[in-house]
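[1] My questions are about this predicted structure, shown below with the sequence.
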Amino acid sequence: MNVSNQKQSVPWNKGKLTGQKAPLRLCDIWAIRVRLQLGHEVRDLALFNLAIDSKLRACDLVKLKVREISHGSQISSRAIVMQQKTKRPVQFEITELTRKAVRAWIDQAKLGPEDALFPSRLHDSAHLSTRQYARIVHKWVCSIGLDDSAYGTHTMRRTKASLIYRRTKNLRAVQLLLGHTKLESTVRYLGIEVDDALEMAEQTEV
């Protein structure tokens, strides 16, 4: 076998973690928040908090406009966004912590109602790209010493949904919050069958 054939036989994912990206734990969330606060990273704190609260896909999160999450000068406690992937609306809550962070960012950046909530620093784009957002997420994860290969933008979407499921075991509620059309999609997305099986195994002494 020649060298070129040997190279071709190497799997593309050798040495890489594949599959669903892990959600953040509660301690991870607060560790990142504290670092962003101490670093006075106003935009990133607003982006991080809203990503956790909204549970939106990256493509929907980066395209948010100020008017979609506010009424006048007030940040809404709830918002509805039309999902790009499913063309269906999804509603999400905006906690007080997130509202304060988003308000501070809007004021600092002097954004108007029709402006992108997270403008790109590149001249040819009105808002952050999903690629830029992915790089920011990896930076957050690395900042608290986690292996960034295990996390990604879907981490931000899954985090609060996973925490809600763990506390309530209410799959239907999580399905609605994620905007899934099928309950089976939510089961696969959270990976709960595997997680629950492992949890039960850990609690069973033999």
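    Alright, I've got the coordinates.
[2] what residue is smack in the middle of the chain?
    The centroid of the chain falls nearest to residue 156 when counting by CA atoms, centre = their mean (2.0 Å).
[3] Spit out the contact partners of residue 97.
    residue 49 (CB atoms under 8 Å, 6 or more residues apart in numbering). Just so you know, the C-beta spots here come from the backbone N, C-alpha and C atoms, and that holds for glycine as well.
[4] secondary structure class for it?
    What DSSP: H, G, I helix; E, B strand; the rest coil gives for residue 97 is helix.
[5] Quickly note the distance from it to residue 77.
    Applying CB to CB, to the nearest Å, the value for residue 97 to residue 77 is 12 Å.
[6] same thing with residue 87?
    On the measure of CB to CB, residue 87 and residue 77 end up 25 Å apart.
[7] got it, and residue 182?
    Per CB to CB, residue 182 is found 28 Å from residue 77.
[8] So if I had to pick from those two, which one is more boxed in?
    A direct count of neighbours by other CB atoms under 10 Å for residue 182 and residue 77 places residue 77 higher, at 12 against 9.
[9] Need the nearest residue in space to that one, chain neighbours excluded.
    Counting by CB to CB, 6 or more residues apart in numbering, residue 77 lies nearest to residue 94, which is 5.8 Å off, once chain neighbours are set aside.
[10] which residues does residue 119 contact?
    109, 111, 126, 127, 128.
[11] State whether residue 185 is indeed within a helix.
    Yes - assessed with three-state DSSP, residue 185 lies in a helix.
[12] which residues touch it?
    residue 175.
[13] Let's verify residue 68: helix, strand, or coil?
    Note that with three-state DSSP, the state of residue 68 is helix.
[14] I'd assumed residue 79 was in contact with it.
    Yes - here residue 68 lies in contact with residue 79, judged by CB atoms under 8 Å, at a distance of 6.0 Å.
[15] ok, the residue nearest to the centre of the chain touching residue 51?
    Yes - here residue 156 reaches residue 51: they are 4.0 Å apart, a contact under CB under 8 Å.
[16] which neighbours do these two share?
    With CB under 8 Å, 6+ apart as the test, residue 156 and residue 51 both reach residue 61.
[17] What does residue 93 show for phi and psi?
    phi -90, psi 150 (degrees, to the nearest 10).
[18] Leaving aside the residues adjacent along the chain, what's closest to it?
    residue 78 (5.6 Å).
[19] which ones are touching the one you found?
    Here residue 78 is in contact with 91, 92, 93, 94 (CB under 8 Å, 6+ apart).
[20] filter the residues you listed to the buried ones?
    92, 94 (16 or more other CB atoms under 10 Å).
[21] Any chance of the contacts of residue 78 in TSV with distance to residue 138, pLDDT and secondary structure as columns?
    Below are these laid out as TSV (distance: CB to CB, whole Å; pLDDT from 0 to 100; DSSP: H, G, I helix; E, B strand; the rest coil):
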residue	distance to residue 138	pLDDT	secondary structure
91	29	89	strand
92	24	91	strand
93	26	91	strand
94	25	95	coil
